[in-house]
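Trainee: turn this into a model:
(chains A, B, C, D and E)
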Amino acid sequence: MNDVSNRALSNLDLETPDKTYLDSNELVINMGPQHPATHGVLRVILKLDGEKVLGTECVIGYLHRGVEKIAENRTYTMFNPYVDRMDYVAAVSNGLGYCEAVEKLMNVEAPPRAKYIRVILTELNRIASHQLWLGTHALDIGAMTPLFYTFRDREEILKIFERYCGARLTTHAFRIGGCQYETYAGFEKDVKNFLAFFPPKIDEYEALLTTNRIWLERTKNVGVISGADCIALGVTGPVLRASGVQWDLRKAQPYAAYSEFDFEIPIGTNGDTYDRYLVRMAEMRQSLRIIEQAVNGIPEGPIMGKVPKVIKPPVGEIYHSIEAPKGELGYFIVSDGSTQPYRLRVRPPSFVNLQALDIMVRGLLVADVVAVIGTLDIVLGEVDR
Amino acid sequence: MPNFIMSYLGSTVTPGEAGNQFWALIYVLIIFAGVSVAVICMNWIERKALAHFQVRLGPMRVGPHGLLQPIADALKLMLKEDIIPSEADQFVFWVAPLIGLLAAFTVYTVIPFGPSQAVSDMNIGILFMLGVSSLGVLGIVVAGWASNSHYPLIGALRSSAQMVSYEVAMGLAVVSAILMTSLNASGTGTLSMIGIVQAQQQQGVWFIFKFFPLGLIAFVIFAIAMVAETNRAPFDMAEAESELTAGYHTEYSGLRWSLFMLAEYAAMIAVSSIAVTLWLGGWMRPFPNLLNAPAWDFIFSLFPGLTFLGLAAIAFVGTARMPADSFFKIQRIGLAVFAALLGFIALLLLAIAVAGRFADASVGARFRDGIDYIYWFVLKVAVFMYLFIWYRATWPRYRFDQLMKIGWKVMLPISLGVLVVTAIVGVIVS
Amino acid sequence: MVPITTLHYLVVAAALFVLGVIGVLTRRNVVIVLMSIELILNAVNLNLVAFSRMWGNLHGQLFAIFIVVDAAAEAAVGLGILIAFFRNRETINVDEIDLLKW
Amino acid sequence: MFFLNHIWLIPLFPAFGAAMMFFFGRRLQKATVNAVCVGAVVFAFLFACFTVVEYTHFAHGTGHPFEKIVYTWLGSGDAHLSFLKKDGTTAQFNADAGFLLDPLSSIWLLFVTGVGMLIHIYSVGYMAHEGGYYRFFGYMNLFMFSMLTLILANNYMLLFVGWEGVGLCSYLLIGFYFHRKSASDAANKAFIVNRIGDAGFILGALTLSWYLGSFRFTDINTLARSGHFAIGDPVLTAAALLLFVGACGKSAQLPLYVWLPDAMEGPTPVSALIHAATMVTAGVYMVARSNAVFVLAPTAMKTVAIIGALTAVFAASIGLVQNDIKRVLAYSTVSQLGYMFLALGVGAFAAGVFHVFTHAFFKALLFLGSGSVIHAMSGEQDMRNMGNLRGRIPTTFKTMFIATLAIAGIPPLAGFFSKDEILWQAWRSADGGFPYLWLIGFGTALMTAFYMARLIFLTFYGQPRMSHEVEHHIHESPKSMTGPLVVLAICSVCAGWLGVPASLGGTNAFGKFLEPVFAREVAASVAPAEPQEPAGEEHRGLEWTLMLLSVGAAVVGGGWAYGHYANAGKDYPEPIAVKAPPLYTVLYNKWFVDEAYDYAFTGRRKIGKIRLGAMGAGEASSWFDAKIIDGAVNDVGWVTRAVATLSTWWDKWIIDGVGVNGPAILARMISYPARLFEWGLVQWYALVMVAGLLGFGVYYVWK
Amino acid sequence: MNPVMNSALNSGMAPVATPFFFYMLAGLAVIGGVLVITRRNAVHSALALIVTLLAVAGLYLMLYAPFVAGVQIIVYAGGIMVLFLFVIMLVNIERSSKERRFNRMWPVGLAAACALLALFVSAFAKGKALFPDRMMTLPESSNTQQIATMLYGEAGRMGQYTFAFEIASLLLLVAILGAVIMTKKKI
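Mentor: The predicted model follows:
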């Protein structure tokens, strides 16, 4: 039942040679940290028999900045921008998780309008993250063009961000207790324009890829992982859902205003790269649904809850997790009653999902390693923190 | 002296056939220069076309609309340090790009741009082309091996397996076209490139339409195999950027790297030329037998000039649409000059066409015909070049094992079947 | 200049043949031994084609073609044996291939 | 006649299933495994039914056996395999792959395939969540194959094949959970103890064939009944006793019964099929099959009866106090097997076989029911932790209750008829002392009723004593498990009606059917027993009395258990423990038999470094052999070696050195040039070729 | 073609520099051969062999055997040598490139080869007179066709070498199967 426990996980034995086709030594290749397809500075040590992957080991830490340690030396408010630098393609989600965790710790709640703004922005960010994933994933598999299409359309989202909070990438959109900024005039119009603008674009992406023979051959039955293996490894997010496990924190333990919206959790069946592709494409459409409901039902009211000037949570600890675009993003905060966290720990989805790489690529070819790295949708800023 | 030159221009046979080595040398030089220029143009066109596929502009800075970009690139590459890794096999590393280049350019000796516009009309022309183009793989294999690095080695092994595999399907497709050349009164076919085109002329049909759909199938197989043969997307496993960083030329830089690029693009043009020669009637203009009145000749001979006129018009429109900022002044002037140059060429070609129509001299008419032949040939090849770019913009990359599977399990059986059926049909028809 | 006659070609062929023989007899690397055999076969082919020209018929050329076929078969089988051998013994030195002794 | 002629196919169905599992099992889906294995047994059952129906037509009530010899399996008439019989003639050592169908084997065939089929179906549900699914079914099918071979064999040798086959399968299935030490130990124990019995069996079979000249049952029976042999013929007596040793081993009789309770380590369907219904009755079958020989050996018959009676009461007494639900049933099985042997021993073969037949149903039912209980209890087997399950698993409760009534001998259920037939026959066999056997049997019946009632009350009545988690999980078993239970319950009720004795107005159809097998054409004149039918008339009153007595015993035993256990709470008292603590200790520790065996045979007990028992004796003799005898031998050897060294030196240097190696070295030196051409180096060969080319060239150029 | 042009084309260029090309190609072939047997690195040897093969192909062209030359280029240079390079890369030659190049009996081998060369030279010297000075001129343009006729026959007649051709194809098939089976790890 549990295949994972029987396999030597990530213990890539480079000393004892495996039997290769020619009974000669296997090829050991360093993929990265400088490599076009490792999405940053991931280094994968590949053990190959010709082109067949016998085993992999991920070497990470090239982008380590000690975010968790920094948190212990910053006040809660000061630390808020740092979380944007982890998963920098989904900075809004990171901020949401952090703010909600601290709010939970302090037992305050953001007002409903703030929650709606948060949902709109996070879902927009989810779309942006998936767009970036789609572009780079397709590029890894050799299709250049989708990258430019997705970047073109992602620009619309970034424009909304920019107008809202002045930043495009590392937005720092939320504050503990609500939002800092009221929506700008025309925010709702912009969002609605985007809602009308984007669905044809998804169709465009799908027209390029979904039924493309080469795309199908490159992604079907590649990097298959079962739901049981996913659960055993703690893999979350679209990867888990593509393996047929219906688990989405937005539904399972609703946060922000998600309980008020009607949407579906797309799941796959085979757990292969193609299913993950389909799941993410469907998630984009679902995100649009959520945004549409949110923007139509956005309540009036304050955007900031009753939060003291100096954030000083009571002694205690809290774990709060949200469904980031890449999976479960969790913050565990221990407070000693001072203005700085005593300890802050992040559960990054990318880091956990990356652990599935080895069992997904064993027995596949080098080209599939690239596809699988792409389909895992990792961001090294988040893996290394 | 002019007479001497004109006699070259008006010759009805290739220099090789005439045994004129001086003339042949000139031809070789012209072709070498022409192909190099074509590669440079191709480079620019590819970058621009690809950019427009991908909703961006492509090179815009060096020269108007980046027209001088390839030249700048070439200069940059020539001036870059030529790094040879210390652990590499120095000599082989040095010689590898030359092998590829040599193979790619040698092919052009038998490509017929016209009935006499070829260096030589070898009677085993197509055999020679297949053989020499298959030598190109040696350069890649040796380059990958000599780099003494893993990625290039994998790239080299991939590309050699790929090229050797697809050569089989390609060769069989070619044979089925050659079979069609023997469908004449004497029953003897030909391997000569010029002979193949002439056979299409005699039979009054391009081989792509012969025994429909047999010729078409063979042509499609060749068209796929030639993409694989030149390591272009979606079969660019050997230099798969996202997998092997740059494949067999990962360790190359500067001039030596640019030689690989030159060889690759030259090979693309060469295989496209083979396809055009074998199936698309080579240098022949559309409907040469049907519309054979001198008036038709004249109308079709206007095409080259009109094409250049169109290009010049586009360039002029571009000049007019340049922003009226002083910042763009130089670029505007440059584009205008370019447009003027194109316009001048267009006028020259039109003049030649008109002169050919009204001058009864055979030399002038042949000169005009020569330009015609080259024009149509290049036009057909250009379609293929555009297809190459289009493929690259549209498709993801195949995986290596899938590629081999297609090569051996799909293309080879189909091409064999086409060959057999073509032979049977040919026997029945004749 | 002396006109080129059949003898010239024969001399070249003889030189290639002797070079091939030297390679077969003295090199240790099996791959190079196989290449030397190709040299010998080429020398023979050259002879055949030269005689074909001398006698004015094509039988020599045909034989040359047949020998090319043989060479291809020989290379395929030889290299196959070489790979099988390398897999078992991890060497491609001909003087370590002496199992026939027993 | 199609089915009869193809009778050899019956064992092959499960053999096919087993082979499939062996070769492909690992890759098959569970559904496929079910289809193949269960299907094979269902096929075997249907085939067996048709075969028996055809046989009844074939025999027309005469009981004439049907024999089908497929081919000669051992011997094949080879003169080298002939042996000298006692009477001076030679006989061939011939064992056929032959199949014999007569009433006796028909009965076994039917209930083995029938009960086997039900248990297979039950196992589908029971094993659904276990690992090694295909392995289990493969073993089960292999067992069915072996058992059917055993039953259908027409000679002792083929029977022995089946006999060993079932032993092997028993071993494999007891040790099915081989990662559990206790299971693998139990498997080893079963196997080793059975080996003792098997040794007796094969010796007995060979003795018979040496004496009578054939392995075939038909031949042996004919010979034994021919009157050539006197009653009490010592060789036949010895052979019968040896065969009985075999039966003791396989059927768990004193003193070889110890393996059977431990065999409960296997999965419950295995216990039901192998260790209750079928395999353990192989001994009964074999003795019944050899009845002609046994009849000629009254001493052996008496031994059988006494051992059977003792086993019955002995095992029953242990069963009184055991707490493990399956162990109680195991001792019950041993006890009931004792009954069967008692019947065989007093000459009531038909009654014994009848009891085998009825016992198969209700004991299988009990085991399957207990399996269902264990299933419901999440693996709990200790009755002390059960209680009040009757409402929670009603089907299991009802069927098990029926089975308990049956085994206790409550009319009109199956057990009543068969048991009373045995008791009556024991009483009636007027060979002195047999009423004592009846008395023992009667006591056993009393105990049986008590411990079975105890089992039911502890399990299904009283207060729940299990932990909360377990209680939470209690659920009725799936249909595939309860279905067989119901079918078996119906059989348990009805099976006895086949053999309603004349005294109760029945016809004893079962006995009539079997009569030809046990008919004593010749022996009848010798046997002391008078004709049976008239005897019934005059003793009818007595028979009824005895029946009433045993029914009364059952009621009393059950009532007693009711009094003590019906409301058992968390710490209910054991009545025996209260009244006679030492007796309870002895019974609870199974009369210390295992410990005694440890002292006497297995050598697990030591005093200091000296082992006790047979192993100790073996070690002592080994020491004697090693030190005293071998010491002397070694001393002699040393002298020899000294002489040999001297002789070696002479041989090596003088004879070999000068005489042999000298010429060899000479030859090698001379042959060196020739060797040059065979270096094994390819390039050398090439050089030789070049040399040859040179030679030819020189010849042709300068010719 | 008009006579004026014809004369213009042929004027002063009639003697094709055959001896020059011959000596150049022969020199290339022999130098390549020497490199083949002396290089330590098998890849260098293979490259040298390619040079030799191409030079020999050139010699075939000079001998009016264009089809053989084409076959030589396709089969030898394009096929067999790629196979060789492939195998060289598969088997790890780093070890062998550091070892002795020649086996222990190389003096004997060299002597035998020299004796062979001497034999050839003496044979040529002895039989020089037997060779005709001029060589026949074969029809180059129909070379392929004639070879095809000899191989396949014409107009329903079996060619002289059809049977041999089929045998050769069978040989190739067997060689392919043999090579595949020998190199396959598991069959």
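
Trainee: need the pLDDT of the closest residue to chain A within the stretch 601-703 of chain D.
Mentor: Nearest residue of the stretch 601-703 of chain D to chain A, counting by C-beta to the nearest C-beta: residue D:682, 22.2 Å away. For glycine as for every other residue, the C-beta is placed from the backbone atoms N, C-alpha and C. Looking at residue D:682, its pLDDT stands at 79.

Trainee: and the nearest residue to it once chain neighbours are set aside, how many residues sit next to it?
Mentor: In this structure, residue D:682 finds its nearest non-sequential neighbour in residue C:94, 6.0 Å apart by C-beta to C-beta, 6 or more residues apart in numbering or on different chains. Residue C:94 is flanked by 22 other residues according to other C-beta atoms under 10 Å in any protein chain shown.

Trainee: quick one: contacts for residue C:94?
Mentor: C:27, C:28, C:29, C:30, C:33, D:681, D:682, D:683, E:103 (C-beta atoms under 8 Å, 6 or more residues apart in numbering or on different chains).

Trainee: highest neighbour count among the residues you listed?
Mentor: residue C:27 (29 neighbours).

Trainee: hang on, isn't that residue packed against residue E:99?
Mentor: No: applying C-beta atoms under 8 Å as the test, residue C:27 and residue E:99 come out as separate, 11.4 Å apart.

Trainee: mind checking the SS state of residue D:647?
Mentor: Secondary structure assignment for residue D:647 (DSSP: H, G, I helix; E, B strand; the rest coil): helix.

Trainee: cool, residue B:282 as well?
Mentor: Assigned with three-state DSSP, residue B:282 falls in the coil class.

Trainee: could you pick out the residues of chain C near chain A for me?
Mentor: C:83, C:86, C:87, C:88, C:90 (C-beta under 8 Å from any C-beta of the partner chain).

Trainee: mind giving me the PyMOL command for buried ones among those residues?
Mentor: To isolate the buried ones among the residues of chain C next to chain A in PyMOL, judged by 16 or more other C-beta atoms under 10 Å in any protein chain shown, type:
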select buried, chain C and resi 83+86+87
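
Trainee: quick one: which of the residues of chain C next to chain A is nearest to chain B?
Mentor: Of those, the one sitting nearest to chain B (C-beta to the nearest C-beta) turns out to be residue C:83, at 14.1 Å.

Trainee: the closest one sits in which helix or strand?
Mentor: helix C:59-89 (DSSP states H and E).

Trainee: ok, residue 70 - contacts?
Mentor: Going with chain A. Contacts for residue A:70 (C-beta under 8 Å, 6+ apart) come out as A:79, A:82.

Trainee: ah, no, chain E please
Mentor: Contacts of residue E:70 (C-beta under 8 Å, 6+ apart): B:124, B:127, B:128, B:131, E:57.

Trainee: please repeat the previous calculation with a cut-off of 7 Å.
Mentor: Applying C-beta atoms under 7 Å, 6 or more residues apart in numbering or on different chains to residue E:70 gives the contacts B:124, B:127, B:128, B:131.

Trainee: and for the closest residue to it other than its chain neighbours, the neighbour number?
Mentor: Excluding the flanking residues, the one nearest residue E:70 by C-beta to C-beta, 6+ apart is residue B:127, at 3.7 Å. As a burial measure, residue B:127 scores 24 neighbours (other C-beta under 10 Å).

Trainee: and for the one 10 residues further on?
Mentor: Residue B:137 has 28 neighbouring residues, counting by other C-beta under 10 Å.

Trainee: for chain D, give the residue positioned nearest to chain B.
Mentor: At 25.1 Å from chain B, residue D:27 is the closest residue in chain D, using C-beta to the nearest C-beta.

Trainee: now do that residue against chain A, distance only.
Mentor: 17 Å (C-beta to the nearest C-beta, to the nearest Å).

Trainee: show me the contacts for that residue.
Mentor: Applying C-beta under 7 Å, 6+ apart, no residues contact residue D:27.

Trainee: fine by me, thanks again.
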